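> For reference, the sequence and a predicted model appear below.
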Amino acid sequence: MSASASGLSYRADFFVALAGFNKVENYRVGFTASKKVGNAVIRNRCKRRMRAMARQLLPSLGFEGVDYVFIAKKSLVTANWNDFVEQAEKAIQNLNKKIEKCKKY
């Protein structure tokens, strides 16, 4: 089931995080920044920031067999790095709790 179809989401100040199950034995991650965020330079900056966050957090927090998708909001452009990482960690932990509940059924 895709991350958007699963209904598992978390809305933060700087991004929206989605999670869904996959049939692979490791986690996968995707990043999106729409034109609402800004021009190409700004969208790419947002995606670079999200990739750096994922490299930092997902090796220790990511679940096997789960797709994580991060959708940038306009506020990510000017976000403080520590605040962003703190929100991302909270989002991943929240999604993981929801995933564990889904696996029980």
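Received the coordinates, thanks. Since we're looking at a predicted model, the values are computed, not measured.

> Please make it C-alpha for all contacts and neighbour counts, starting now.
Fine.

> pLDDT score assigned to the residue positioned nearest the centre of the chain?
Residue closest to the mean C-alpha point of the chain, counted by CA atoms, centre = their mean, is Phe70 at 3.3 Å. Here the pLDDT value assigned to Phe70 is 96.

> now do Glu64
Taking Glu64 on its own, its pLDDT is 89.

> immediately after the worst-scoring helix or strand of the chain on mean pLDDT, which helix or strand?
Within the chain, no helix or strand scores below helix 3-6, which has a mean of 55 by mean pLDDT, DSSP states H and E. As assigned by DSSP states H and E, the chain's next helix or strand after helix 3-6 is strand 8-11.

> Show me what that following strand is in contact with.
With CA atoms under 8 Å, 6 or more residues apart in numbering as the test, strand 8-11 has contacts from Val16, Ala17, Leu18, Ala19, Gly20, Ala91, Asn94, Leu95, Lys98, Ile99.

> what residues are up against the closest residue to Ala33 other than its chain neighbours?
Distances taken as CA to CA, 6 or more residues apart in numbering place Ala72 nearest to Ala33, at 5.0 Å, with adjacent residues excluded. By CA under 8 Å, 6+ apart, Ala72 lies in contact with Phe14, Phe15, Val16, Phe31, Thr32, Ala33, Ser34, Val37, Cys46, Lys47.

> The longest helix seen in the chain: which residues count as buried?
The residue-count maximum for a helix in the chain (DSSP state H) belongs to helix 81-104. Across helix 81-104, burial judged by 16 or more other CA atoms under 10 Å covers Phe84, Val85, Gln87, Ala88, Glu89, Ala91, Ile92, Leu95, Asn96, Ile99.
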